[in-house]
Structure formats: structure tokens, C-alpha cells
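Asker: got a structure for you, letters missing:
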């Protein structure tokens, strides 16, 4: 069903602007996969746009540069599945939506009063667990067909730059901007 929806959405998904975002999103995930091979206990977040992507985490610029170049090389050589990452926001959003719908479904028919809501708690928990289990493969499929591209096409890495900022608690946050170019 998702493949059919993706096929119907091809005019939008293959428009130049959206295609660049999807390629960068795929390269972002692939870069994180490669970084995880080099950096023990990697803690990193990313955000993609049409001109590249940001990585937020305490890694060196050299590590990001090397990982992005290796990721792009591997994707060009057929490792398209590197574009899919289990911790992607697409998967998290899918889980959130499905669990919310499950909770609402489990509450159907409740009139008023906390007691009635608590009487539905076992059903809500069971439906929520089912939603969590189902959301994982669905989120990965949504990434594959809608939010990322595993084939980088003519994507090129233009530059990798480092910036530092302060977090809410005053700690240092390291940002890397991976600038790309693509049709």
C-alpha cells in the first residue's frame, strides 16, 4: 500500500527541491551509521534541508568529513539501505501518531469520570503496545518510500563546517553543517 501511495506521490517526491531534501536526509542517516562505527556510544541528532544537513553532537570535524564521504561512496556503490535509520524523526513521529490513535481508540465509549477512563487502561495499554510494535516497520517503510532517498544520484559534498553553541544548561553543543549540491 505504501509503495502505491509513493508511486502516486512521485510528482511531488521527485520535484527537484523535495528530491534534494530526501537525498540529504538519506546521506545524513548514512553518515550517522558510519560515524557510529567509529565513535563508541555515539549520541547525535540531525536535521536535513535542500542544501545539506546539520549534525548536533560532540564529534570532530574530521570524523564528520570522513564519515560523510564514506557514506556517500558506499551509497553510490549500492548500499542504499544506509539511508534508513531506526532513530529517525519519521519513525518517532509514526510511533507518536499510532500510539495516540491507539489511546483514543481505547477510550471510545467512555462517558465521563476518571473511573471509566481507568477501567479502559488495560485496553489502552494493549493497543498502545501493538501500535509501538507496528510503528517500527511502518516508520522504516515511510523513510524508504517518502522521506529519504538511498540513491544519492549526483549529490556532492561541498563542505563540512563546525560551529559551537551553548545549551540550555550552559554546556557546549557542537554543530556540523554538511553542505551539499545536487540537481
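Answerer: In hand now; what should we look at? Model, not experiment: these values are computed from the prediction. Numbers count the residues shown, from 1 in each chain.
Asker: Tell me where this structure is predicted with low confidence.
Answerer: Filtered on pLDDT under 70, the chain yields the residue ranges 113-114.
Asker: Could you list the domains of it?
Answerer: Structurally, the chain divides into domains by automatic domain parsing as follows: 2-86+150-181, 89-144.
Asker: Including mean neighbour count, could those domains go into TSV?
Answerer: C-beta coordinates here come from the backbone N, C-alpha and C atoms, glycine included. Formatted as TSV, the domains of the chain follow (neighbours: other C-beta atoms under 10 Å):
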stretch	mean neighbour count
domain 2-86+150-181	16
domain 89-144	15
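Asker: what about residue 15, distance to residue 142?
Answerer: Separation of residue 15 from residue 142 (C-beta to C-beta, to the nearest Å): 18 Å.
Asker: so what's residue 182 up against?
Answerer: Neighbour list for residue 182: 19, 20, 23, 24, 152, 153, 154, 155, 156 [criterion: C-beta atoms under 8 Å, 6 or more residues apart in numbering].
Asker: The third one reaches residue 157, doesn't it?
Answerer: Spelled out, it's residue 23. No - the criterion here is C-beta atoms under 8 Å, and residue 23 misses it with residue 157 at 11.5 Å.
Asker: Kindly point out which residues are neighbours of both of those two.
Answerer: With C-beta under 8 Å, 6+ apart, residue 23 and residue 157 have common neighbours residue 180.
Asker: roughly how far is stretch 99-109 from the heart of the chain?
Answerer: Its chain's C-alpha centre and that of stretch 99-109 lie 26 Å apart, by C-alpha atoms, centre = their mean, to the nearest Å.
Asker: Need the residues that contact it.
Answerer: 117, 120, 123, 124, 126, 127, 128, 130, 131, 132, 135.
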